[in-house]
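Peer 1: Below: sequence and its predicted model.
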Amino acid sequence: MSAKRSISRVLSGLFLSGAALTATLLVVPALPGFAQTNQGVTIFGGVDSEYRLPYTLRNNQPRSRRAEYYLRVPGNRMASAAAHLRISYPEAFTERRGAFDTDQIKVRQGRGRGSSEIPIQEVVWSPESSQIDIYLAEDIPADTSFVVAMTGIRNPDRFGMQRFNLQAESRGDVLPRYLGTWELLVAEEMGSR
């Protein structure tokens, strides 16, 4: 008789604990996120950690026309100077109506949002080949941290993992060299995936 009573007490205690936890989660409001600044956690697949690049996204809602991407490159990724940067991205970005404003793409030295601007000669966006080419007026020196600041972006209509790959060329190079990948959670509405 006492064994039945102790089992029923344990089960009722577990039920009450679960109900209390559920009620707490429903009552506590979720605060909206203003910026995504981490690289996330990849359980299966993805880019090797040695090639993952840091970033910050702002105004990261679906269809936002004011999205800002701050794509950082640590100085230890820059083995030699770069005169040309190429960013390739998945076709799904433009298929879902994502778009870039080439007049609002800047390259800045430093970290975070960057500090001093590196002069750009030309930015060429090719939606049909899913890439952005940034031709620099001045080379980015080796061992220099920099940020590709992209503002005025129109985010795609739906949430998706977008892998933006970065390649760089020095003056006189025949082939670009791979520097790394930004794994972006683009058009993410917090809590509605």
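Peer 2: Cool, got the structure.

Peer 1: Show me the protein divided up by domain.
Peer 2: For the chain, the structural domains run 1-30, 35-186, going by automatic domain parsing.

Peer 1: Which of these comes out lowest on mean pLDDT?
Peer 2: Mean pLDDT is lowest for domain 1-30 among those, at a mean of 59.

Peer 1: As a check, name the ranges of all helices in the protein.
Peer 2: Secondary structure of the chain (DSSP state H): helices at 2-27, 91-95.

Peer 1: And the last one, how far out from the chain middle?
Peer 2: In other words, helix 91-95. The chain centroid and the centroid of helix 91-95 are separated by 15 Å under Cα atoms, centre = their mean, to the nearest Å.

Peer 1: what do you get for stretch 115-125?
Peer 2: That offset, for stretch 115-125, works out to 20 Å (Cα atoms, centre = their mean).

Peer 1: That one: end-to-end distance?
Peer 2: Across stretch 115-125, the terminal residues are separated by 24 Å (Cα to Cα, to the nearest Å).

Peer 1: What residues sit buried inside it?
Peer 2: For stretch 115-125, the neighbour count (16 or more other Cβ atoms under 10 Å) marks 118, 120, 123, 125 as buried. The way it works is simple: take the backbone N, C-alpha and C, and place the C-beta from them, glycine included.

Peer 1: still on that earlier bit, out of the domains of the chain, which is the most enclosed?
Peer 2: Of all the domains of the chain, domain 35-186 has the most neighbours on average by mean count of other Cβ atoms under 10 Å, namely a mean of 16.

Peer 1: any idea where the strands of this protein begin and end?
Peer 2: Secondary structure of the chain (DSSP state E): strands located at 35-36, 55-58, 67-73, 82-88, 105-109, 117-118, 120-126, 131-140, 146-153, 160-169, 177-186.

Peer 1: Those: which one's closest to Glu95?
Peer 2: Nearest to Glu95 among the strands of the chain is strand 160-169; the distance by Cβ to Cβ comes to 10.1 Å.

Peer 1: Check the offset of the closest one from the chain's centre.
Peer 2: Relative to its parent chain, strand 160-169 has a centroid offset of 10 Å by Cα atoms, centre = their mean.

Peer 1: helices and strands around that strand, which ones?
Peer 2: The helices and strands touching strand 160-169, judged by 3 or more Cβ pairs under 8 Å, 6 or more residues apart in numbering; DSSP states H and E, are strand 67-73, strand 82-88, helix 91-95, strand 177-186.

Peer 1: Out of the ones you listed, flag the one nearest Ala137.
Peer 2: strand 82-88 (9.1 Å).

Peer 1: Kind regards, and thank you for your time.
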